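Peer 1: this is the structure alone, sequence omitted:
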């Protein structure tokens, strides 16, 4: 027997989800094909939708449905223990989010949406013209609005911690430092040690747009893409987004002089999409419920990083895929050539193009700077100097202009403060999950000492995906990220597995050079 109130609540959530998906569809359009002159009108469209969504998320009807469903659940006699537990978790999460939304003034919600749309448009313009001053006032406005948001939410957390909650539930700066401090100690010294033997980046050659597109299409097809439910577009900054139970979009970009950028970005975003496709949300029953959503953005990033780094950057993948690159004109004669080009050991200015070793430093810099902007009175106008100073100190490189520096990422233009740590936390989670995957595959009969590599050599990435579907994707928001890692791996999240992985890979790369 299905509970009456539960069905009504589900219908309400589904209608809210439909409205949210319209908002997301307009966002997709804004980032892919919308002409720049339409930004003002799009801002009004998104602001209206944000106002309507906020109204639904804070209405008396919604509040009554949550309360009545909770009472109904207490009296339920037809559900088993698992169903009761899942429903209770759903209701707890709905109540938590309702309370957060209820504290926010509707004017602030509209102002934020308008500021994000304006910020994104000005960021694009400023980046194109390499002129941070065009964007700085919009960034200042976004910071002020986010600080006001944190004040209105009035949670027992700092401003930055409050803003990070939608991305990483339960994360604190103290816990972040516990996880990141070993990386602060290890990564810069590893980079300095490797500088004398750093490999050269790919230079002096490039692949045209058609060739890069062909390689991306082949990659997605080999990794089981269903064209009936997926779409690949182009945008200034690669991203993945879900617009419906059977509508998964991802974008990439071609960067002149960076022949692997589009390919690796596609691998990364496809990892995000695979996670979304594997969540419990893919039945219509769950699509609007919290348990059908991603555990956290760090878990999300762990999945994209797994496919980008553990698979696409692996030696076994290069041995299998190099001939396709050669056919499109890349100067590679074997798998080793491609593998070394996909894994340069040269610190650079750009986060998205960074190697696995220096990538973490890019995130540490951004994390420290956004905390300083929100909580430590770092002046918006001083951001380029602080950015450049830290890049010189930690990576030994200095941006020649703002586009290479603090304008390179889209996140702050949309007010997404608190997101950046998810990338590095994703590296830690991916490494720990990969260790557990290897042990599990061995116990299931894989005889190779490197079971992940064996699957990649055999073109059997489906076996890796099957493990992730069963062990990781199925959780949704039943637990937070750290509890998921503990349940899957049997160990608390730490930096150990990631640093161990880096050291082994760096040893392989340096010995091959």
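Peer 2: Here it is on my side, so go on. All values derive from a computational prediction rather than experimental measurement.

Peer 1: what about the helices in the stretch 251-400 of the chain?
Peer 2: All helices of the stretch 251-400 of the chain, identified by DSSP state H, counting those that start in this stretch, fall at 261-278, 297-305, 315-327, 335-342, 356-375, 383-395.

Peer 1: any chance of those in a markdown table, plus mean neighbour count and distance to residue 451?
Peer 2: Yep, even glycine has a C-beta here, placed from its N, CA and C like the rest. Shown next, in a markdown table, are these (neighbours: other CB atoms under 10 Å; distance: least, CB to CB, whole Å):
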| stretch | mean neighbour count | distance to residue 451 |
| --- | --- | --- |
| helix 261-278 | 24 | 19 |
| helix 297-305 | 26 | 19 |
| helix 315-327 | 19 | 11 |
| helix 335-342 | 20 | 19 |
| helix 356-375 | 21 | 21 |
| helix 383-395 | 17 | 34 |
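
Peer 1: as TSV, the ones you listed with distance to residue 63 and mean pLDDT would be great.
Peer 2: Compiled in TSV, these are given as follows (distance: least, CB to CB, whole Å; pLDDT from 0 to 100):
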stretch	distance to residue 63	mean pLDDT
helix 261-278	29	95
helix 297-305	27	97
helix 315-327	51	97
helix 335-342	52	95
helix 356-375	30	96
helix 383-395	41	96
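
Peer 1: which parts of the stretch 351-500 of the chain are strands?
Peer 2: Read by DSSP state E, counting those that start in this stretch, the stretch 351-500 of the chain holds no strands at all.

Peer 1: isn't there a strand covering residue 233?
Peer 2: Yes: using DSSP: H, G, I helix; E, B strand; the rest coil, the assignment for residue 233 is a strand.

Peer 1: residues near it, how many?
Peer 2: 16 (other CB atoms under 10 Å).

Peer 1: tell me the bridge partners for it.
Peer 2: Note on residue 233: beta-bridge partners residue 251, judged by DSSP bridges.

Peer 1: got a pLDDT number for residue 152?
Peer 2: The model reports residue 152 with a pLDDT of 98.

Peer 1: what's the first helix or strand after the longest helix along the chain?
Peer 2: Ranked by residue count and defined by DSSP state H, the top helix of the chain is helix 4-32. Scanning forward in sequence from helix 4-32 by DSSP states H and E, the next helix or strand is helix 39-57.

Peer 1: to residue 153, which of the helices of the stretch 251-400 of the chain lies closest?
Peer 2: Judged by CB to CB, the one of these that comes nearest to residue 153 is helix 356-375, at 13.5 Å.

Peer 1: run the chain-centre distance for that closest one.
Peer 2: 15 Å (CA atoms, centre = their mean, to the nearest Å).

Peer 1: ditto for stretch 318-334
Peer 2: Computed by CA atoms, centre = their mean, the separation of stretch 318-334 from the middle of its chain amounts to 29 Å.

Peer 1: check stretch 116-131 too.
Peer 2: 21 Å.

Peer 1: what residues does it touch?
Peer 2: Applying CB atoms under 8 Å, 6 or more residues apart in numbering, the external contacts of stretch 116-131 come out as 30, 36, 39, 42-43, 46-47, 132-135, 138-139, 141-142, 236, 401-403, 407-408, 410, 412-415.

Peer 1: return the subset of those lying in helices.
Peer 2: Short answer: those in helices (DSSP H) are 30, 39, 42, 43, 46, 47, 138, 139, 141, 142.

Peer 1: which one of those is nearest residue 189?
Peer 2: residue 139 (32.7 Å).

Peer 1: so that closest one sits right up against residue 379, yeah?
Peer 2: No: at 10.9 Å, residue 139 does not count as touching residue 379 under the criterion of CB atoms under 8 Å.

Peer 1: more neighbours, those two?
Peer 2: Shown here are residue 139 and residue 379; by other CB under 10 Å, residue 139 has more neighbours (24 against 12).

Peer 1: can you pull the contacts of that one?
Peer 2: Residue 139 makes contact with 119, 380, 383, 412, 413, according to CB under 8 Å, 6+ apart.

Peer 1: any chance of those residues in a markdown table, plus distance to residue 268?
Peer 2: Shown next, in a markdown table, are these (distance: CB to CB, whole Å):
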| residue | distance to residue 268 |
| --- | --- |
| 119 | 24 |
| 380 | 29 |
| 383 | 26 |
| 412 | 20 |
| 413 | 20 |
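
Peer 1: farthest-separated two in these?
Peer 2: Among the contacts of residue 139, 119 and 383 lie farthest apart (CB to CB), at 14.0 Å.

Peer 1: and the ones in helices among the contacts of stretch 116-131, which are buried?
Peer 2: Burial by neighbour count, 16 or more other CB atoms under 10 Å: within the ones in helices among the contacts of stretch 116-131 this picks out 30, 39, 42, 43, 46, 47, 138, 139, 141, 142.

Peer 1: ok, so of those residues, who is nearest residue 443?
Peer 2: For these, the residue nearest residue 443 by CB to CB is residue 30; the value is 47.1 Å.

Peer 1: pretty sure the closest one contacts residue 41?
Peer 2: No: using CB under 8 Å as the test, residue 30 is too far from residue 41 to be in contact (10.6 Å).

Peer 1: now residue 305: how far from residue 20?
Peer 2: To residue 20, residue 305 is 26 Å away according to CB to CB, to the nearest Å.

Peer 1: what of residue 58?
Peer 2: For residue 58 relative to residue 20 (CB to CB), the value is 14 Å.

Peer 1: now residue 185
Peer 2: Per CB to CB, residue 185 is found 42 Å from residue 20.

Peer 1: okay, the two: which has more neighbours?
Peer 2: More crowded of residue 185 and residue 20, by other CB under 10 Å: residue 20, with 18 against 12.

Peer 1: OK, contacts around the closest residue to the more buried one other than its chain neighbours?
Peer 2: Excluding the flanking residues, the one nearest residue 20 by CB to CB, 6 or more residues apart in numbering is residue 53, at 6.0 Å. Neighbouring residues of residue 53 by CB under 8 Å, 6+ apart: 16, 19, 20, 23.

Peer 1: now the two most distant members of the residues you listed.
Peer 2: Spatially, the most separated pair among these is 16 and 23, at 10.6 Å (CB to CB).

Peer 1: related to what we said a few turns ago, now render the buried ones among the ones in helices among the contacts of stretch 116-131 as a markdown table, adding distance to residue 351 and pLDDT.
Peer 2: Output for these, formatted as a markdown table (distance: CB to CB, whole Å; pLDDT from 0 to 100):
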| residue | distance to residue 351 | pLDDT |
| --- | --- | --- |
| 30 | 22 | 92 |
| 39 | 25 | 89 |
| 42 | 27 | 92 |
| 43 | 27 | 89 |
| 46 | 26 | 92 |
| 47 | 30 | 91 |
| 138 | 21 | 97 |
| 139 | 18 | 98 |
| 141 | 24 | 98 |
| 142 | 20 | 98 |
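
Peer 1: want to try a markdown table for those, with distance to residue 350 as columns?
Peer 2: Compiled in a markdown table, those are given as follows (distance: CB to CB, whole Å):
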| residue | distance to residue 350 |
| --- | --- |
| 30 | 23 |
| 39 | 25 |
| 42 | 28 |
| 43 | 28 |
| 46 | 29 |
| 47 | 32 |
| 138 | 22 |
| 139 | 20 |
| 141 | 26 |
| 142 | 23 |
